[in-house]
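Colleague: Could you look at this predicted model? Sequence included:
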Amino acid sequence: MVRLDPRTKIFIVLMFLAFIFIKTPVWWQVGFSCILLLTIFLSGKHKKIFSSVRYFLYFVPLTFLIHMLLSSVSLSFKEIGLSIESEDVVRSIMFTLRILNMFLVMGFALHWIGGLDILDSVYVLLRPLSRIGLWVDDIFVAVIIGLRFFPIVKKEYREIRDGYRAFFGVGSENSLSGKVLETKNLMVPLMVSVFRKADVLSCSMKVRGYGQKRRSCFRKLAFNRYDYMIFCAMAIILSVLWYVEKI
């Protein structure tokens with residue numbers, strides 16, 4: 001199985017986004033949508049991908065209607081006219097397909113690359129800026145700790161809530177005021193638990209000597225031959241597209 005560097009995957013996604021927004025006919029966008037849908041279904045993660053972008057997909061028909069209305073309505077001081085032409089329909093379809101393809105690409109990229117791999121790639125790309133005094137390490141450590149810490153806090157909140165309900169013999173609250181009151185009663189034990197975990201984390205970072213020496217890393221990102229092959233293929237494709245645009 002070919003394993004690509006996360007940075008290569010990000011460049012591939014950016015190239016796909018460039019394909020979406022270059023000047024192309026409608027059949028290009030339709031074909032690109034078919035290829036995206038086929039890739040998503042073949043990946044076996046179509047349920048997760050569609051679930052992550054389902055709220056955005058709800059607005060796709062609305063995007064078409066709004067674009068169609070704004071393209072067809074002509075305003076003047078005396079009257080409002082509505083004239084629908086074939087060019088307006090094609091332009092609205094084109095705009096809607098681009099939005100749809102963008103949502104599909106971003107949903108696929110999120111599950112193909114992964115959140116932590118994206119952060120690692122961005123960190124490696126921005127790490128040279130630390131030589132000029134930017135706090136790249138501190139910023140990314142805070143972001144990654146937050147990504148790991150919030151799920152723990154969520155789990156802790158559920159455990160405290162279940163213990164609260166079992167101890168006081170109360171059920172789940174359905175009303176808004178009941179939920180607010182229950183959350184207020186849970187905030188003090190939750191904050192005590194959060195501060196305790198934060199203190200343990202702070203002591204662990206001090207013991208490991210954070211900030212006093214060069215950071216170690218769990219996994220080093222390195223390009224392999226497949227990455228270089230993809231870079232060459234992307235360069236050729238972009239050159240061909242640029243040449244076609246110039247003709």
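Modeller: Done, it's in.
Colleague: do you know how far the most centrally placed residue in the chain is from F150?
Modeller: Central residue check for the chain by C-alpha atoms, centre = their mean: the C-alpha nearest the mean position is that of L110, 5.4 Å away. Between L110 and F150 the computed distance is 17 Å (C-beta to C-beta, to the nearest Å). C-betas here are computed from N, CA, C, even on glycine.
Colleague: swap in A233?
Modeller: From A233 across to F150, the span is 39 Å (C-beta to C-beta).
Colleague: State the mean pLDDT of the helix or strand where C232 lies.
Modeller: In the assignment (DSSP states H and E), C232 maps to helix 225-246. The pLDDT scores in helix 225-246 average 79.
Colleague: Flag every buried residue along it.
Modeller: Neighbour counts over helix 225-246 (16 or more other C-beta atoms under 10 Å) mark D227, I230, M234, L241 as buried.
Colleague: residue boundaries of the helices in the chain?
Modeller: Assigned by DSSP state H, the helices in the chain fall at 6-21, 26-43, 46-57, 60-72, 86-113, 115-126, 136-168, 176-207, 225-246.
Colleague: Packing partners of the fifth one?
Modeller: The reference is to helix 86-113. Contacting helix 86-113 under the criterion 3 or more C-beta pairs under 8 Å, 6 or more residues apart in numbering; DSSP states H and E are the following elements: helix 6-21, helix 26-43, helix 46-57, helix 60-72.
Colleague: Most tightly packed of those helices?
Modeller: Comparing these by mean neighbour count (mean count of other C-beta atoms under 10 Å), helix 6-21 ranks first with a mean of 17.
Colleague: C-alpha coordinates for that one, PDB please?
Modeller: Output in PDB follows, covering the C-alpha atoms of helix 6-21 (Å, rounded to 0.1, in the frame of the first residue of the first chain):
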ATOM      1  CA  PRO A   6       0.400  14.400   4.700                       C
ATOM      2  CA  ARG A   7       1.900  17.400   3.000                       C
ATOM      3  CA  THR A   8       1.600  15.700  -0.400                       C
ATOM      4  CA  LYS A   9      -2.100  15.000   0.400                       C
ATOM      5  CA  ILE A  10      -2.600  18.700   1.200                       C
ATOM      6  CA  PHE A  11      -1.000  19.700  -2.100                       C
ATOM      7  CA  ILE A  12      -3.300  17.200  -3.900                       C
ATOM      8  CA  VAL A  13      -6.400  18.700  -2.200                       C
ATOM      9  CA  LEU A  14      -5.200  22.200  -3.100                       C
ATOM     10  CA  MET A  15      -4.800  21.100  -6.700                       C
ATOM     11  CA  PHE A  16      -8.300  19.700  -6.700                       C
ATOM     12  CA  LEU A  17      -9.600  23.000  -5.400                       C
ATOM     13  CA  ALA A  18      -7.700  24.800  -8.200                       C
ATOM     14  CA  PHE A  19      -9.400  22.400 -10.700                       C
ATOM     15  CA  ILE A  20     -12.800  23.400  -9.400                       C
ATOM     16  CA  PHE A  21     -12.300  27.200  -9.700                       C
END
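Colleague: quick one: contacts of it?
Modeller: 29, 32, 98, 101-102, 105-106, 109, 112-114, 117-118, 120-121, 124-125, 221, 223, 226-227, 230-231, 234, 237-238, 241 (C-beta atoms under 8 Å, 6 or more residues apart in numbering).
Colleague: still on that earlier bit, closest to I139 out of the helices and strands packed on helix 86-113?
Modeller: helix 6-21 (18.6 Å; C-beta to C-beta).
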